[in-house]
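A.B. asks: Structure, please.
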Amino acid sequence: MTPKPVAATEAAPALDRYDAIVDVRSPSEFAEDHLPGAVNWPVLDDDERRIVGTLYVQDSPLAARKLGATLVARNIATHIERRVQGQAREWQPLVYCWRGGQRSGSLAWFLAQIGFRTSQLVGGYKAFRAVVRDDLTTLPARLDFTVVAGRTGCGKTRLLQALAEQGAQVLDLEALACHRGSVLGGLPGRPQPAQKRFDTLLWQALRGFDPARPVFVESESKKVGSLQLPEALVQRMRLQGRCVRVQMGEGARIELLLQEYGFFAQDTERFCGLLDALVDLQGRERIKRWQGMARASQWAELFAELMRDHYDPLYERSMQRHFAGLQQAPVVDLADGGPSALASAARALLG
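C.D. replies: From the prediction side, this is the model:
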């Protein structure tokens, strides 16, 4: 029995037909990005790859292949012993590596010899990545977006979550990017994924939507933190997306910001360091004053000034430039960011 070669264009749309998707690349390669649902069974770990590569350069390809074969065989034996013994004969894995070569071929051959109906991804992760890139240029055009717009702190993200709870289709770009989108938007203890990982997560989300139903999405810029949105998605949101404008009173907005960004009180110097990025826009004297307010724990007053003098004008200019229909968009008035107000607003939008 031999492994079945499967093209990425065939496998990518139907990953759920496999009982396991096995990524045999090193842990660092896997961490950067991997196929949705994949598990990591490295046939060479990061240190082993480095050692074999060094031997290839400093000694000879033959010496490197001898050592590599020894390490791969040992690691495959361990994976089979630990992860395969309990699998039924009908188990169907899809195995892949970087280019669909020797690393995935080795494990796929062993699994096929055992008797499992094993598939090997032709072209490996590299071919899958090409599918993702191509699909991200076409998938947005198939979807009907409703863009949730509104100033900083008005509850846009919470409203998206309330819509999702009531069964709406929601594309939460900030959740996928692990970032709230502004210079202060990094989430504590949650680094942003690599660009490739973000692309795959976005690809997976877009493929899961029903084109016959609207998709609610927040009015993001072209970047969320350090991550770039596909141009096709940005243009679809701006040119074809319908807008809904969310409004909330200043006091409620400040309270919501205190809840969402309260963690900065435990790391004031990090907050002050982030404010330095606004010097070109706001001037050194104003930034120094805001930093002083943070160090004096005047958070409510500081957030009020940040909204009035920085975020609101910036947001209004951006929205007017990119969303021509914003002024005619229906308005959702939120009394506050609490569950009751959000649930009521979500029901009204869906109704």
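A.B. asks: ok, what's across the strand from Gly186?
C.D. replies: Here Gly186 sits in beta bridges with His179, going by DSSP bridges.
A.B. asks: Next: Val332.
C.D. replies: Counting by DSSP bridges, Val332 is bridged to Val246.
A.B. asks: all strands of the protein, in order?
C.D. replies: 4-7, 20-23, 39-40, 93-96, 119-122, 145-150, 169-171, 215-218, 223-224, 227-228, 242-248, 331-334 (DSSP state E).
A.B. asks: Just name the most buried of those strands.
C.D. replies: By mean neighbour count, with neighbours taken as mean count of other Cβ atoms under 10 Å, strand 93-96 ranks first of the strands of the chain at a mean of 28. (Each C-beta comes from the backbone N, C-alpha and C, glycine too.)
A.B. asks: Just the C-alphas of that strand, formatted as CSV.
C.D. replies: Coordinates of each C-alpha in strand 93-96 appear next as CSV, following Å, rounded to 0.1, in the frame of the first residue of the first chain:
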residue,chain,number,x,y,z
PRO,A,93,-4.5,10.8,7.8
LEU,A,94,-3.3,13.5,5.6
VAL,A,95,0.4,14.1,6.0
TYR,A,96,2.4,17.1,4.9
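A.B. asks: Can you tell me how far the closest residue to Ala64 other than its chain neighbours is from Leu62?
C.D. replies: What sits nearest to Ala64 in space, not counting adjacent residues and going by Cβ to Cβ, 6 or more residues apart in numbering, is Tyr56, at 3.7 Å. Applying Cβ to Cβ, to the nearest Å, the value for Tyr56 to Leu62 is 9 Å.
A.B. asks: hmm, back to that, got a markdown table for the strands of the chain, with distance to Gly86 too?
C.D. replies: Below are these laid out as a markdown table (distance: least, Cβ to Cβ, whole Å):
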| stretch | distance to Gly86 |
| --- | --- |
| strand 4-7 | 23 |
| strand 20-23 | 12 |
| strand 39-40 | 14 |
| strand 93-96 | 13 |
| strand 119-122 | 20 |
| strand 145-150 | 45 |
| strand 169-171 | 37 |
| strand 215-218 | 40 |
| strand 223-224 | 41 |
| strand 227-228 | 39 |
| strand 242-248 | 50 |
| strand 331-334 | 51 |
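A.B. asks: thinking again about what came up before, tell me which of Tyr56 and Leu62 has more neighbours.
C.D. replies: Comparing Tyr56 with Leu62 by other Cβ atoms under 10 Å, the one with more neighbours is Tyr56, at 16 against 10.
A.B. asks: would you list every one of the helices in the stretch 1-150 of the chain?
C.D. replies: 8-11, 27-32, 46-58, 61-79, 102-114, 124-138 (DSSP state H, counting those that start in this stretch).
A.B. asks: residues in contact with the last one?
C.D. replies: Think helix 124-138. Residues from elsewhere that reach helix 124-138, judged by Cβ atoms under 8 Å, 6 or more residues apart in numbering: 7-9, 11-12, 23, 25, 29, 33-35, 96-101, 104, 121, 123, 196, 199-200, 202-203, 206-207, 230-233.
A.B. asks: cool, and the second one?
C.D. replies: By Cβ under 8 Å, 6+ apart, the surrounding residues in contact with helix 27-32 are 23, 38, 40, 42, 45-46, 98, 125, 194, 196-197.
A.B. asks: residues of it that come out buried?
C.D. replies: By neighbour count with 16 or more other Cβ atoms under 10 Å, helix 27-32 contains the buried residues 29-30.
A.B. asks: Now it: average pLDDT?
C.D. replies: Mean per-residue pLDDT for helix 27-32: 98.
A.B. asks: my guess is Gly100 meets Val122, correct?
C.D. replies: Yes - contact criterion Cβ atoms under 8 Å: Gly100 and Val122 qualify, at 5.2 Å.
A.B. asks: May I see the buried residues of stretch 289-297?
C.D. replies: 290-291, 293-294.
A.B. asks: okay, now the domains of this structure?
C.D. replies: The record's domain parsing of the chain by automatic domain parsing lists 4-134, 143-350.
A.B. asks: now the end-to-end length of the shortest one.
C.D. replies: Across its full length, domain 4-134 reaches 25 Å end to end, with Cα to Cα, to the nearest Å as the criterion.
A.B. asks: and if you look at the longest one?
C.D. replies: Between the opening and closing residues of domain 143-350 there is a gap of 17 Å (Cα to Cα).
A.B. asks: quick check: mean pLDDT across it?
C.D. replies: With pLDDT averaged residue by residue, domain 143-350 scores 93.
A.B. asks: Is Pro193 in contact with Ala177, as I believe?
C.D. replies: Yes - assessed by Cβ under 8 Å, Pro193 is found in contact with Ala177 at 7.4 Å.
A.B. asks: overlap in contacts of the two?
C.D. replies: In contact with both Pro193 and Ala177: Leu227, using Cβ under 8 Å, 6+ apart.
A.B. asks: Can you pick out the residue with more neighbours from those two?
C.D. replies: Between Pro193 and Ala177, Ala177 has the larger neighbour count (other Cβ under 10 Å), namely 26 against 20.
A.B. asks: Name the nearest residue to Val72, sequence neighbours excluded.
C.D. replies: Val72 sits nearest to Val43 (Cβ to Cβ, 6+ apart), 4.7 Å away.
A.B. asks: wait, Ala329
C.D. replies: Nearest residue to Ala329 in three dimensions, chain neighbours excluded: Cys243, at 3.8 Å (Cβ to Cβ, 6+ apart).
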